[in-house]
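Undergrad: for reference, the sequence and a predicted model appear below.
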Amino acid sequence: MTTRQRAARDVKPHEGLAVEQVVRHIALLMQSGGLKPGDQLPPERQLAEKIGVSRPTVRAGLQALVTMGVVEARHGAGTFVTDGPPRLLAEPLSLLAALHGFTRDEMFEARRVLETGAAGLAADRAGGHHLAPMVEEVAGMFATLDQPQAFLVHDLRFHRAVAAASGNPVIATLVEMVSSLVFEQRRRTVERAKDLKESAEMHRRIYLAIRDKDTERARREMSQHLDRARQAQASEEPDLAPSRAAGSRPA
């Protein structure tokens with residue numbers, strides 16, 4: 001457990017409002033332009049004096065912001081506003097999946113809603129700087145057909161690149177969170193995958209549709225890929241029925 005995590009744990013219940021005050025103070029700095037992506041936050045002592053709270057309370061507030069993906073702590077350097085697309089941790093979704101027994105079909109249904117829309121938006125909005133990462137990840141998939149774990153990393157990055165190309169940070173954030181959970185579940189079974197070349201080709205077709213700015217084709221290719229991926233995932237888990245059992249694994 002880190003010093004900041006211990007500080008968050010040791011904050012007393014009555015100090016909860018003070019922690020919210022820390023979060024609100026930093027949020028206002030961001031909203032006013034006083035803090036921008038990549039900026040370093042003031043030192044804890046300075047924040048404590050400015051807000052009028054204790055340093056442990058400041059640490060607890062910063063830990064809350066880290067959990068939200070708003071800031072990141074860099075060992076020995078300080079705390080910085082997250083640079084790049086916003087991120088949400090997958091742990092809350094993972095806990096819900098375990099608690100409610102999300103099925104494979106439910107996970108893929110959610111992915112279809114998010115990612116077919118993202119592909120369509122990407123076809124409308126993607127520029128060259130969006131297309132380059134997709135090309136790189138497709139090439140990486142074809143280069144790692146005999147390395148399922150490495151292939152899966154390129155697969156994950158491709159879907160995140162498509163979401164980023166949608167130009168909608170809300171969609172990109174949601175796909176980031178869901179894809180993290182999908183990765184953690186899929187890496188346990190991907191060694192049994194039998195269709196990695198077909199999967200790489202489907203990703204290539206999604207990229208080509210986005211490059212050609214063909215919105216409907218991009219949506220269709222993504223939907224077909226996700227349908228095929230659902231079937232492939234099921235074949236990797238032949239003894240696991242897609243039920244609401246607590247131990248069922250989302251795809």
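TA: Done, it's in.
Undergrad: quick one: low-confidence ranges for the stretch 1-150 of the chain?
TA: For the stretch 1-150 of the chain, applying pLDDT under 70 flags the ranges 1-16, 67-69, 84-102.
Undergrad: where along it do the helices fall?
TA: Applying DSSP state H, counting those that start in this stretch to the stretch 1-150 of the chain gives helices spanning 3-10, 16-31, 44-51, 55-68, 91-100, 104-125, 128-143, 148-165.
Undergrad: JSON lines for the ones you listed, including distance to Tyr207 and mean neighbour count?
TA: Using the backbone N, CA and C atoms, a C-beta is placed for each residue, glycine as well. Below are the helices of the stretch 1-150 of the chain laid out as JSON lines (distance: least, CB to CB, whole Å; neighbours: other CB atoms under 10 Å):
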{"stretch": "helix 3-10", "distance to Tyr207": "41", "mean neighbour count": "15"}
{"stretch": "helix 16-31", "distance to Tyr207": "34", "mean neighbour count": "16"}
{"stretch": "helix 44-51", "distance to Tyr207": "45", "mean neighbour count": "15"}
{"stretch": "helix 55-68", "distance to Tyr207": "32", "mean neighbour count": "22"}
{"stretch": "helix 91-100", "distance to Tyr207": "27", "mean neighbour count": "14"}
{"stretch": "helix 104-125", "distance to Tyr207": "10", "mean neighbour count": "20"}
{"stretch": "helix 128-143", "distance to Tyr207": "5", "mean neighbour count": "16"}
{"stretch": "helix 148-165", "distance to Tyr207": "8", "mean neighbour count": "21"}
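Undergrad: isn't Arg45 up against Arg55?
TA: Yes: with contact defined as CB atoms under 8 Å, Arg45 reaches Arg55; the gap is 6.5 Å.
Undergrad: any idea how far apart the tips of stretch 76-83 sit?
TA: With CA to CA, to the nearest Å as the measure, stretch 76-83 spans 18 Å from end to end.
Undergrad: pull out the buried residues from it.
TA: Under the neighbour-count criterion of 16 or more other CB atoms under 10 Å, stretch 76-83 has Thr79, Phe80, Val81, Thr82 buried.
Undergrad: contact partners for Ala119?
TA: Val162, Ser166, Ile206, Ala209, Ile210, Ala218, Arg219, Glu221, Met222 (CB atoms under 8 Å, 6 or more residues apart in numbering).
Undergrad: ok, 10 Å please
TA: 126, 159, 162-163, 165-166, 206-207, 209-210, 215, 217-223, 225-226 (CB atoms under 10 Å, 6 or more residues apart in numbering).
Undergrad: buried members of these into PyMOL, please.
TA: Per 16+ other CB under 10 Å, the buried members of these correspond to this PyMOL selection:
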select buried, resi 126+159+162+163+165+166+206+207+209+210+215+217+218+219+220+221+222+223+225+226
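Undergrad: hmm, Gln147 is touching Val153, no?
TA: Yes: between Gln147 and Val153 a contact is recorded at 9.5 Å, counting by CB atoms under 10 Å.
Undergrad: Asp39 contacts Asp83, doesn't it?
TA: Yes: taking contacts as CB under 10 Å, Asp39 lies within contact range of Asp83: 8.8 Å.
Undergrad: got the helices of the stretch 1-150 of the chain as CSV, with distance to Gln231 columns?
TA: Listed next are the helices of the stretch 1-150 of the chain as CSV, based on distance: least, CB to CB, whole Å:
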stretch, distance to Gln231
helix 3-10, 41
helix 16-31, 44
helix 44-51, 52
helix 55-68, 36
helix 91-100, 20
helix 104-125, 10
helix 128-143, 18
helix 148-165, 16
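Undergrad: those helices: which one's closest to His75?
TA: Of all those, it is helix 3-10 that lies closest to His75, at 10.5 Å by CB to CB.
Undergrad: quick one: list the elements packing against the host helix or strand of Glu176.
TA: When elements are assigned from DSSP states H and E, Glu176 belongs to helix 169-186. Packing partners of helix 169-186 (3 or more CB pairs under 10 Å, 6 or more residues apart in numbering; DSSP states H and E): helix 91-100, helix 104-125, helix 148-165, helix 215-236.
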